[in-house]
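Asks: I would like the atomic coordinates for the input below:
(one chain, ligands or ions: 1)
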Amino acid sequence: MTIAETEAQPQSTPPAWRLLLGYVRPHRWALFAGGLLGLVTGATGLLLPLVARALIDDLGHDRPITWALLGMSALVVANAAVGALGSYVLRRTAESVVLGARRALSSYLLRLRISAADRTEPGDLMARITSDTTLLREVTTDSLVGLATGGLTLVATVVMMGLVDVVLLGVTLAVILVAGTVLGVIVPRINRASRQAQDAVGAMGASLERVLGALRTVKASGAEHREEERVHAAAEESWRQSVRAAKWSAAAGNTAGLAMQLAFITVLAVGGARVATGAIDVGTLVAFLLYVFYLMSPIQQVVGALTQYQTGAAALARIQEAMRLPAEPAALPAPLPSPGARPAALAFENVRFRYADDLPYVHHGVTFAVPAQGMTAFVGPSGAGKTTVFSLIERFYEPESGTITLDGRDVAGWELSRLRSSIGYVEQDAPVLSGSLRDNLLLGDPEADDAAVLDVIKTTRLDGLVERLPQGLDTLVGHRGTKLSGGERQRVAIARALLRRPRLLLLDEATSQLDAVNEAALRDTVADVARSTTVLVVAHRLSTVTMADRIVVMDAGRVRAVGTHRELVAADPLYAELAATQFLAASG
Ligand SMILES: Nc1ncnc2c1ncn2[C@@H]1O[C@H](COP(=O)(O)OP(=O)(O)OP(=O)(O)O)[C@@H](O)[C@H]1O
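Replies: Prediction:
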């Protein structure tokens, strides 16, 4: 699903030119300097014929030509140097605009609400940061500078034409007006086609991300060919739309060219008649016709700038669309709890929640309380809403009604970064990021010293692994930690969470079975941690619940019982049945 199909916030979008100016404003002086250097280059170019005329004149009169030659050489060198400097300044400015847009967009996307991220494709968002921002480069230089310099020349030429003959100017402007109306129809089509081409690039990014993110599954399912077709279809759609945009751009350029030639013919006809009636002399007509020729270049420049601008406007709209997705407020990271900070107490009070208005409720009034310290296990059939409990504690989503309190304070009133800095969260599939083992551990606390790292490595029984790895902690773990076993990945994720000294540890146990050694290591780790902090575990294994201080049994979005293993086996038939299977969330 692309962003366009989701819940981009219903704010009115400012016009593209205003968005563009927002990105360009910090670089306006550099852009001005680049434009000015371009004008100087043009002016030095205009001087050359004059010097050449002087040189020929000197030759004709047998005068020395050294100075004229030196002057011409100096002008040629100055023209090349100023031209190179001008294009460098413009190019650099354009790259700075791209950089600004990339920084703004990537910062924004990292703050995206999980509810918004759920409904977008990472590949499409990536295309917006990489491909759409690139399109701003040409808009900044070609379009803005082209519009400014072309526009200036255009106005100057029109003024000169008015001074020569107002009637012929009226005739010229009438032809240009007709062409402008045609362009008014063509130009929005360039915008639409460019937008669709960029949307298709986004769709291609999404398809690619889908395949490359699950390459093993794709290969194992023999689905390479089908997936390849999806990616190719998106690439071809982008091609089709880009070709459409090219067609309309070409039409726009040629309309402008045609208009100028028609203007020339019309001026020749009307001017000829005026010469015949004696209203103007031949010299005026010739001068005016020369101006019509002069007009050609700035008009082409302005039309080129406008068509180029349409591509940029389409890209800007896509960038802006992403930046209207709901995001969390920007905040500096909060300090982590100090060593030995007291464990947190947690309570849910009649919490009702659903992931979206058109989806059924996941929590129908969940209520439970967890005292500070010790281990609480959540069990229940698959889909009962256990993981959702963790997501709500982390405030990845907000409940529709009811309250969630941490240390007696509603989490809705906590500053987000402070709330999250108190919590350690280990997701069910225990994501490990590419990079080294050390990078992964320090993700939550880059300031952690070696002693703290070694400490969590020992607590999570990872010391054996670190010794075995060729470069120890600096060994690269591969994309998503593919070089580690499932159990190792889980313990790395726990170590990472523990390094933050959480006052509340949320551990979503993996549903996959671990071998006996890994399972024992994990159990011992959790038991150790529960002695000094509050641990909540979504439990899928009997071995985990038997050591829990209390067990919360959930079913279909409600808490149906709370107690110890022994109490629940006797009192709750669902729990007794789940416990009998040894695997506590096997069936829904
Ligand atoms: N991001 C989401 N958007 C929409 N629905 C979701 C989302 N995450 C979970 N759900 C739905 O909410 C319900 C509860 O999911 P949850 O992950 O909390 O269950 P669970 O009890 O942890 O299950 P399991 O034991 O299988 O992990 C499920 O029906 C699931 O399909």
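Asks: so which bits of the stretch 301-450 of the chain are right by the ligand?
Replies: 355, 359, 362, 380, 382-388 (C-beta under 6 Å from any ligand atom). Bear in mind the C-beta positions are built from the backbone N, C-alpha and C, glycine included.
Asks: just the buried members of these?
Replies: Buried residues within these, counting neighbours by 16 or more other C-beta atoms under 10 Å: 355, 362, 380, 383-388.
Asks: among those residues, which pair sits farthest apart?
Replies: The distance between the two most remote of these (C-beta to C-beta) is 17.8 Å, for Tyr355 and Gly380.
Asks: pLDDT averaged over stretch 364-372 - what is it?
Replies: Averaging pLDDT along stretch 364-372 gives 95.
Asks: name the residues of that stretch that are buried.
Replies: Of all the residues in stretch 364-372, those buried under the rule 16+ other C-beta under 10 Å are 364-366, 368, 370.
Asks: now render those residues as CSV, adding secondary structure and distance to Ile65.
Replies: Below are those laid out as CSV (DSSP: H, G, I helix; E, B strand; the rest coil; distance: C-beta to C-beta, whole Å):
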residue, secondary structure, distance to Ile65
His364, strand, 97
Gly365, strand, 98
Val366, strand, 95
Phe368, strand, 98
Val370, strand, 96
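Asks: of the residues you listed, which is the nearest to the ligand?
Replies: Val366 (10.6 Å; C-beta to the nearest ligand atom).
Asks: any idea what that closest one is bridged to?
Replies: As for beta bridges, Val366 partners with Val351 under DSSP bridges.
Asks: picking up where we left off before, where is pLDDT lowest across the residues of the stretch 301-450 of the chain next to the ligand?
Replies: Ser382 (86).
Asks: surely it is in a strand?
Replies: No: counting by DSSP: H, G, I helix; E, B strand; the rest coil, Ser382 falls outside a strand, being coil.
Asks: before we move on, back to that, farthest pair in the residues of the stretch 301-450 of the chain next to the ligand?
Replies: Distances among those were taken as C-beta to C-beta; the most separated pair is Leu359 and Gly380, at 19.0 Å.
Asks: can you name every helix or strand that whatever helix or strand Trp248 lives in contacts?
Replies: Taking DSSP states H and E as the criterion, Trp248 maps to helix 224-277. Helix 224-277 sits against helix 166-212, helix 282-322, with contacts defined as 3 or more C-beta pairs under 8 Å, 6 or more residues apart in numbering; DSSP states H and E.
Asks: can you do 10 Å?
Replies: Helices and strands touching helix 224-277, as assessed by 3 or more C-beta pairs under 10 Å, 6 or more residues apart in numbering; DSSP states H and E, comprise helix 166-212, helix 215-220, helix 282-322.
Asks: I'd like the ones you listed as a markdown table, with mean neighbour count appended.
Replies: A markdown table is the format used below for those (neighbours: other C-beta atoms under 10 Å):
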| stretch | mean neighbour count |
| --- | --- |
| helix 166-212 | 19 |
| helix 215-220 | 12 |
| helix 282-322 | 20 |
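Asks: dump those helices to a markdown table, plus distance to Leu505 and mean pLDDT.
Replies: Below are the helices and strands packed on helix 224-277 laid out as a markdown table (distance: least, C-beta to C-beta, whole Å; pLDDT from 0 to 100):
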| stretch | distance to Leu505 | mean pLDDT |
| --- | --- | --- |
| helix 166-212 | 31 | 89 |
| helix 215-220 | 30 | 85 |
| helix 282-322 | 34 | 86 |
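Asks: so which of these is nearest Met547?
Replies: Short answer: helix 215-220, nearest of these by C-beta to C-beta, at 33.9 Å.
Asks: C-alpha coordinates for that closest one, CSV please?
Replies: Extracted C-alpha coordinates of helix 215-220, given in CSV (Å, rounded to 0.1, in the frame of the first residue of the first chain):
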residue,chain,number,x,y,z
LEU,A,215,15.1,-13.7,-0.1
ARG,A,216,15.4,-17.1,1.6
THR,A,217,11.6,-17.6,1.7
VAL,A,218,11.3,-16.4,-1.9
LYS,A,219,13.9,-18.9,-3.0
ALA,A,220,12.5,-21.7,-0.9
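Asks: for it, what is the distance to the chain centroid?
Replies: 27 Å (C-alpha atoms, centre = their mean, to the nearest Å).
Asks: repeat that for stretch 388-397.
Replies: Its chain's C-alpha centre and that of stretch 388-397 lie 24 Å apart, by C-alpha atoms, centre = their mean.
Asks: surely Leu258 meets Ile176?
Replies: No: with contact defined as C-beta atoms under 10 Å, Leu258 and Ile176 do not form a contacting pair (11.4 Å).
Asks: which positions in the chain make contact with the ligand?
Replies: Going by C-beta under 6 Å from any ligand atom, the residues of the chain near the ligand are 118, 355, 359, 362, 380, 382-388, 538, 585.
Asks: sitting in strands, which of those do you find?
Replies: Residues of those located in strands (DSSP state E): Val538.
Asks: can you mark which positions in the host helix or strand of Ala580 are buried?
Replies: According to DSSP H and E, Ala580 maps onto helix 573-581. Across helix 573-581, burial judged by 16+ other C-beta under 10 Å covers 574-575, 578-579.
Asks: tell me the centre residue of this protein?
Replies: Ile129 (4.1 Å; C-alpha atoms, centre = their mean).
Asks: mind checking the SS state of it?
Replies: Classification of Ile129 using three-state DSSP returns helix.
Asks: what pLDDT is listed against it?
Replies: Listed pLDDT for Ile129 reads 92.
Asks: so what's Arg438 up against?
Replies: Counting by C-beta atoms under 10 Å, 6 or more residues apart in numbering, Arg438 touches 448, 450, 453, 466, 471-475, 477.
Asks: tell me which element it falls in.
Replies: Using DSSP H and E, Arg438 maps to helix 437-442.
Asks: tell me the mean pLDDT over that helix?
Replies: Here the average pLDDT along helix 437-442 is 87.
Asks: next: stretch 243-253.
Replies: Per-residue pLDDT values across stretch 243-253 average out to 87.
Asks: please apply the same query to stretch 150-161.
Replies: In this model, stretch 150-161 has a mean pLDDT of 83.
Asks: which positions in it come out as buried?
Replies: Across stretch 150-161, burial judged by 16+ other C-beta under 10 Å covers 150, 153-154, 157-158, 160-161.
Asks: what about the residues you listed, which are in helices?
Replies: 150, 153-154, 157-158, 160-161 (DSSP state H).
Asks: for the ligand, state which of these is nearest.
Replies: Using C-beta to the nearest ligand atom, those come closest to the ligand at Gly150, 50.8 Å.
Asks: from Thr44, how far out is the closest residue to the closest one other than its chain neighbours?
Replies: In this structure, Gly150 finds its nearest non-sequential neighbour in Gln301, 3.2 Å apart by C-beta to C-beta, 6 or more residues apart in numbering. Look at Gln301 and Thr44: by C-beta to C-beta, to the nearest Å, they are 19 Å apart.
Asks: now Glu95
Replies: Taken as C-beta to C-beta, the span from Glu95 to Thr44 is 26 Å.
Asks: now the residue in the stretch 101-250 of the chain that the ligand sits nearest to, nearest residue through space, not along the chain?
Replies: Nearest residue of the stretch 101-250 of the chain to the ligand: Asp118, at 4.6 Å (C-beta to the nearest ligand atom). Distance criterion C-beta to C-beta, 6+ apart; nearest residue to Asp118, sequence neighbours excluded, is Tyr355 at 7.4 Å.
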